[in-house]
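J.: Only the shape, not the letters, is given here:
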């Protein structure tokens, strides 16, 4: 079972190492981890996808919460959240295959961001399934290189993962 | 502008004074020199150990004996890495420490400079929090935070890495009045609803057991634990870390539970219908096989660290909060539970299965030594090393007060006891302090005799000398067909001469009839003393739950 955690942390050096180290030494499996700054420049937001049952999830959240630099940990159930990741695919393409690939790109509402005689780079955002589907279709043409950002996620509606100063 | 400009190093010492620190355990070296230079002018006492590991252990012993934050200091690189065992040990046992390490100057960091090591990175898994000071102006704030983090919530070690050039820079010194950490707000009060649920469960219980650990000592909840036990009439088992929180001469005392716990404690836990776990973490040495631990019991778990709840065992009623506060609230709602028959049953078990050993006239039994130390000095602080000595010290001394049994529970480093005893004695000079040691453990840090003598710290090391790494040998005997691979250390050193070489008093007892005399002589001497008790080489610690078995499946001698 995969869970998506939104983790607000102090935007300081070494915090990522602390969080990643916690996962490593306690034997929790991180599927992906994406980090970026939030609307408050002092605070970063990590989106961590972790695999495990509810007990594992509970321990992960509690252990994360113990870190002094961790401000807030929220579980984002997929049915109540929007989830996105960004992927870049470099695909083998020549004059004969290019139109077919471009058609696919259209259907997936992806973008072509680089063209050369023998390759294309495609940018796509979407949930994991969409990117997986794109990947499997592109595989037939020959994927030369691929990179994915890992998931980021946000609660739907007004519910937010933000830090509110109690003081 | 106050115009109060001082160096970073002076700011460190000034901050420590603001925190009320009166003693530091440490060892100087290049990168920490400016700090030592500032220390030279201060009235803070510095104890020069002979190995940095001992600085951390001594600060730890000081912290456990006093309840204050222990402070230790070392230089960069090897000085810092030598602290690691002590830091890890303090982390496992939730001991408040603030650890200062020197670091190479900022421009050299990351260049593999002489005596450079990424100590913050290395110690990340074994500290509660850590800092690399990037700017001298941060020093007062960081030290304020470090002491706060180390000593509140679930205590633990906090490391501050000090680049040398940071300590020579001048800053405007102002010590912050308060700490504000948005990611750290320990919860002291338990949830009232949960406390009421716990009270209801207690009211329904017929076979309750209170299982109490180090967390109750840390929160100074001894009085509340006792009040709860007496009010609801429940027997009390303690973990190794919890020894002393409940008087062992009390009729409701079950003594220690777990791997080397008493039979009656383990039986009681296994047959209980309600387990009230207070400041414990369900360590594997306590639970044995988790699946069959207290199978019929509803479990109430009170702990300040939410991550401990549900970590190892399922919990029915979790209460997050400081033990003392939670128990004070709980006491308002509880009454005596229907435990009359249960108490009778336990009395029966206690009569049937007392802790015992076979006394001998001819050869000294280690258990006898511990009993005689108790007889001679009932209110001593007992510090232990690790292994058989530790278990006998836990089993055969009768502890009646918290902070009188100091033992490395989680990490179990041999060599802890002696430096920790030095720290404990410096923290509690009014108390007699024994280090109950094995001949193996003592040799891991016996060079600290120099520290004890030079700093005039009159601790008594009682070596239960059996010529073996006793606990390892015991495991080899029981589980490895008596193949004593590398555990015989007989004749490794003459401990009396070793003591004398350092200027300490060395004593030896070879027969049971000599035991009392040497203890008396050591007590009278009031100076660092080593007593070599030449003991039965193949005595074992019993009862014993083999690793992986249920705790009621105990081996007997």
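T.: Cool, the structure landed. Model, not experiment: these values are computed from the prediction.

J.: from the middle of its chain, how far away would stretch B:225-243 be?
T.: 19 Å (C-alpha atoms, centre = their mean, to the nearest Å).

J.: again with stretch A:112-125
T.: 21 Å.

J.: buried residues in it?
T.: Counting neighbours by 16 or more other C-beta atoms under 10 Å in any protein chain shown, one finds that the buried residues in stretch A:112-125 are A:112, A:119, A:120, A:121, A:122, A:124, A:125. In this view, the C-beta of every residue, glycine as well, is placed from N, C-alpha and C.

J.: so which strand or helix has residue B:442?
T.: helix B:439-444 (DSSP states H and E).

J.: Pull the residues that contact that helix.
T.: Identification of contacts with helix B:439-444 by C-beta atoms under 8 Å, 6 or more residues apart in numbering or on different chains yields B:385-387, B:389, B:413-418, B:435, B:461, B:463-470, B:489, B:492-493, B:495, B:530.

J.: If any of the residues you listed are buried, put those into a ChimeraX selection.
T.: Applying 16+ other C-beta under 10 Å to those, the buried members can be selected in ChimeraX as follows:
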select /B:385,386,387,389,413,414,415,416,417,418,435,461,463,464,465,466,467,468,469,470,489,495,530
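
J.: Go through the contacts of helix B:439-444 and flag which are in strands.
T.: Counting by DSSP state E, these place B:435, B:461, B:463, B:464, B:465, B:530 in strands.

J.: ok, and the closest non-adjacent residue to the first one?
T.: Right, residue B:435. Leaving aside its sequence neighbours, residue B:435 sits nearest to residue B:421 (C-beta to C-beta, 6 or more residues apart in numbering or on different chains; 3.9 Å).

J.: OK, contacts around that neighbour?
T.: B:61, B:381, B:383, B:406, B:433, B:434, B:435, B:459, B:461.

J.: Please repeat the previous calculation with a cut-off of 7 Å.
T.: B:61, B:383, B:433, B:435, B:459 (C-beta atoms under 7 Å, 6 or more residues apart in numbering or on different chains).

J.: any chance of these in TSV, plus pLDDT and secondary structure?
T.: Compiled in TSV, the contacts of residue B:421 are given as follows (pLDDT from 0 to 100; DSSP: H, G, I helix; E, B strand; the rest coil):
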residue	pLDDT	secondary structure
B:61	98	helix
B:383	98	strand
B:433	98	strand
B:435	98	strand
B:459	98	coil
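
J.: got those residues as JSON lines, with distance to residue B:539 columns?
T.: Converted to JSON lines, these look like this (distance: C-beta to C-beta, whole Å):
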{"residue": "B:61", "distance to residue B:539": "27"}
{"residue": "B:383", "distance to residue B:539": "21"}
{"residue": "B:433", "distance to residue B:539": "25"}
{"residue": "B:435", "distance to residue B:539": "19"}
{"residue": "B:459", "distance to residue B:539": "25"}
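
J.: Among the residues you listed, which one sits closest to residue B:20?
T.: Nearest to residue B:20 out of those is residue B:61 (C-beta to C-beta; 18.4 Å).

J.: The closest one - how many residues pack around it?
T.: Residue B:61 is flanked by 34 other residues according to other C-beta atoms under 10 Å in any protein chain shown.

J.: Okay, it and chain A: tell me how far apart.
T.: Distance of residue B:61 to chain A, computed by C-beta to the nearest C-beta, to the nearest Å: 25 Å.

J.: before we move on, the earlier item: the buried residues of stretch A:112-125: which two are farthest apart?
T.: Largest pairwise distance in the buried residues of stretch A:112-125, by C-beta to C-beta, is 20.5 Å, between A:119 and A:125.

J.: neighbours of residue B:345, just the number please.
T.: Neighbour count of residue B:345, defined by other C-beta under 10 Å: 17.

J.: nearest spatial neighbour of residue A:114, skipping sequence neighbours?
T.: Nearest residue to residue A:114, sequence neighbours excluded (C-beta to C-beta, 6+ apart): residue A:121, at 3.8 Å.

J.: quick one: secondary structure of that neighbour?
T.: Of the three states, residue A:121 takes strand under DSSP: H, G, I helix; E, B strand; the rest coil.

J.: just residue B:142 next, same as before
T.: When classified by three-state DSSP, residue B:142 comes out as helix.

J.: Quick check, pLDDT for the closest residue in space to it that isn't next to it in sequence.
T.: Closest residue to residue B:142 apart from its sequence neighbours, by C-beta to C-beta, 6+ apart: residue B:131 at 5.0 Å. On the pLDDT scale, residue B:131 is placed at 98.

J.: Mind listing the strands the one helix or strand residue B:131 maps to pairs with, and their directions?
T.: Assigning secondary structure by DSSP H and E places residue B:131 in strand B:129-132. Counting by DSSP bridges, the strands paired with strand B:129-132 are strand B:157-163 (parallel).

J.: just to revisit the earlier point, in a strand, that's where the residue nearest to residue B:435 is, yeah?
T.: No - counting by three-state DSSP, residue B:421 is not found in a strand; it is helix.

J.: Could you pull up the residues touching the closest residue to residue B:543 other than its chain neighbours?
T.: Nearest residue to residue B:543, sequence neighbours excluded (C-beta to C-beta, 6+ apart): residue B:554, at 3.9 Å. Residue B:554 sits next to B:263, B:266, B:543, B:544, B:545 when contact means C-beta under 7 Å, 6+ apart.

J.: Identify each of the strands in chain A and give its residue range.
T.: Assigned by DSSP E, chain A shows strands spanning A:2-10, A:29-37, A:43-51, A:70-75, A:81-92, A:111-115, A:119-126, A:143-148, A:152-155.

J.: Okay then, goodbye and thanks.
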